[in-house]
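no sequence on hand, only this structure:
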């Protein structure tokens, strides 16, 4: 093996589907001195992290904590704890992550009943109502609040209400919504929810905040079989993330990653949750004005659009991968490719967390405009920048 | 909620069972700029990380990579991928982690056959041979190479040989051994192995390096059922951690945590694996001389002792928790408590990775000596320090 040296990454601007730009304060927090995962100081920090997550999720759920692994493991925590062999689960699919939910149900021995919607559209509440009516033995409704693969937002409040009308618990994917758009776990009566740290919280990837209602916890406590994952079994994890200074060792918590999440949540608290939602909203309007002036069309209709994930169609004749490569090589700017049914058809432009700011909007529009012109599209980059700035001015 | 502010941890010296002291270079690496998990630069770093892990494990196994979660998830990766419903697995238990293996087998629908040894002793190869003979339908032998709960080391080479003689694959827990004591995956023909980053690699907790032999991978590829965990399914994970620049998105990798691991492995490469083993060995001899001079007895007999995890019995009449509390409060020194069958009976003193150095040995002996004297034990701390230093001198 030839000698390998330290890795020094380039400085990128991260406007893809996540990870998004990480605030320097959070990167600094990661490098603070490691302490033991049972150290009394660390336990205090865990308690603060739980409180801050309750604020971010707008919940008073006691079981509100970060799973020690990425969002996919958060998803699996919800399904592995709530689904038992033979359980029927209604799964809404309008993008990649509904498909992953289906996989989870099947691997837990459950029976998924799929409610399919076109990629780029919100989950259709009428279809869900129909599926619930037709499957009175279903015990869970699962859906994605903010589909990262398309940029569509679904009406979580209505869907959860439907679930409860039919005596189902709800599992909600909020990986991309937490911190970026309105999300109210208690008010909307969500039963189990998971998110990620690398989207609108401006933190590094690797942790998955979750929250379980008392009804969901009851179900976990009263299972007839053990949770099939030892690592994700909430009956065990709660011994460590529970209350007070007495913590039972379960696994070794990712200490420094948790410093980063704590710092990210302190910053969210200081900004104010509603202010963060509003910032994401205004910056989306600004980016949208610029992109539309560049002639780029949004995939998702206006009322269902996520402010933090902007999916636009690739113009005719454009080599989408070549443009992304040039953005990265020339300007250190990352935007996302399409996924699944939208692969090769869209760009996904993220405005998440710390990445949701004026300078990123201008960089993205000017860089995309320049490359589109070079590729033979006749676009007016100056006009696009003016359009974006006008929106910002109107809201300042 | 009252306002929560940034968390600034105290500077501890970590001489427990892990996390161990993290080298400042590694902490700095964590704070480097986050880039995308599909960025070509990141993919290059992943390839380097795989090479460096192959060196650390002493293997040419193609599937050698870090699982994006702590060691417990690495354990679950091995069992969830290799055990199918009804499979019989011989599990050796001589401490906490053999018990966790049993749980894993059961939750995968397998049938564990336990081989029990006294806590603090190595796994008895004769008992294992007997169990293999009595269970010709067993398909896997699982054991812990370095029991973190007791400080005992088992003869991995012999146990793996026994497994193969009976057509079993081997699953080996090397959480505490990797980087700290001899471990040769290819030479010993280990089939599946997992480790942690927070022990002898001096890195932060949160990742679990694993390595699978071709025979083990064959078993995974030819399963009759899907792996029950979507997140840990190696058939899927390999699409992301496989070779070349084409990586299929599976989950979002913990980018900055991987910077830390890369840096830790570069440091191990620069020191040289055998030199690292030797350093752990000599520092253990030094600490041992000091602790024995303080009148503390080792739990594990000499030939089975792990150099990086020193379990000593609590002297009669000593409040072990009070001593640990004082070590932490007065000197910012963390040592470990006993676990399971050894709870309240031993201290576990780690000399792992960056924590395995002269200044830590002297701090531990002088602090423990001081507190033991205060607690009414008449110990000669000066003599203990001299004994420890003599060993270091003899090897310098």
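Cool, the structure landed. All values reported here derive from a predicted model rather than from experimental measurement.

give me every residue that touches residue A:254.
Neighbouring residues of residue A:254 by C-beta atoms under 8 Å, 6 or more residues apart in numbering or on different chains: A:68, A:206, A:207, B:70, B:204, B:205, B:206, B:257. All C-beta spots, glycine's among them, are computed from the backbone N, C-alpha and C.

let's see that with 6 Å instead.
Residues in contact with residue A:254 (C-beta atoms under 6 Å, 6 or more residues apart in numbering or on different chains) are A:68, B:205, B:206.

how many neighbours does the first one have?
For residue A:68, the tally of surrounding residues (other C-beta atoms under 10 Å in any protein chain shown) stands at 29.

which bits of the stretch 51-200 of chain A sit near chain B?
A:51, A:55, A:68, A:69, A:70, A:72, A:73, A:76, A:103, A:104, A:107, A:198 (C-beta under 6 Å from any C-beta of the partner chain).

repeat that with 10 Å
Counting by C-beta under 10 Å from any C-beta of the partner chain, the residues of the stretch 51-200 of chain A close to chain B are A:51-52, A:54-55, A:67-77, A:79-80, A:96, A:100-104, A:106-109, A:148-149, A:175, A:196-199.

the residues you listed in strands, which ones?
If you go by DSSP state E, those have residue A:67 in strands.

per-residue pLDDT, the closest residue to residue A:144 other than its chain neighbours?
Distance criterion C-beta to C-beta, 6 or more residues apart in numbering or on different chains; nearest residue to residue A:144, sequence neighbours excluded, is residue A:173 at 4.1 Å. Looking at residue A:173, its pLDDT reads 98.

how close does residue A:173 sit to chain B?
Noted for residue A:173: a distance of 13 Å to chain B, by C-beta to the nearest C-beta, to the nearest Å.

I figured that residue hits residue A:71, correct?
Yes: using C-beta atoms under 10 Å as the test, residue A:173 is close enough to residue A:71 to be in contact (8.2 Å).

shared neighbours of these two, anything?
Shared contacts of residue A:173 and residue A:71, defined by C-beta atoms under 10 Å, 6 or more residues apart in numbering or on different chains, are found at A:97, A:100, A:148, A:194, A:195, A:196.

so what's the residue nearest to residue A:144 up against?
Contacts of residue A:173 were listed using C-beta under 10 Å, 6+ apart, and they are A:71, A:74-75, A:78, A:92, A:95, A:97-98, A:100-101, A:142-148, A:154, A:156, A:193-196.

same check, this time on residue A:194
By C-beta under 10 Å, 6+ apart, the contact set of residue A:194 is A:66-67, A:71-79, A:171-175, A:178, A:208-212.

and if you look at residue A:96?
Residues near residue A:96 by C-beta under 10 Å, 6+ apart: A:119, A:144, A:147, A:148, A:149, A:150, A:339, A:340, A:341, A:342, A:343, B:249.

skip the chain neighbours and tell me the closest residue to it.
Excluding the flanking residues, the one nearest residue A:96 by C-beta to C-beta, 6+ apart is residue A:149, at 3.8 Å.

over to the one you found: give its phi and psi.
For residue A:149, the backbone dihedrals are phi -80, psi -10 (criterion: degrees, to the nearest 10).

quick one: residue A:376 and residue A:318 touch, right?
Yes: contact criterion C-beta under 10 Å: residue A:376 and residue A:318 qualify, at 8.6 Å.

of these two, which one has the most company?
Using other C-beta under 10 Å as the criterion, residue A:376 and residue A:318 rank with residue A:318 on top: 16 against 9.

how is chain A carved up into domains?
Following automatic domain parsing, one gets these domains for chain A: A:24-269, A:273-394.

would you mind finding the most buried of those domains?
Among the domains of chain A, domain A:24-269 has the highest mean neighbour count (mean count of other C-beta atoms under 10 Å in any protein chain shown), at a mean of 22.

chain neighbours aside, what residue packs nearest to the residue of the stretch 101-250 of chain A found nearest chain B?
The nearest approach of the stretch 101-250 of chain A to chain B comes at residue A:206, 3.1 Å away (C-beta to the nearest C-beta). In this structure, residue A:206 finds its nearest non-sequential neighbour in residue B:254, 3.1 Å apart by C-beta to C-beta, 6+ apart.
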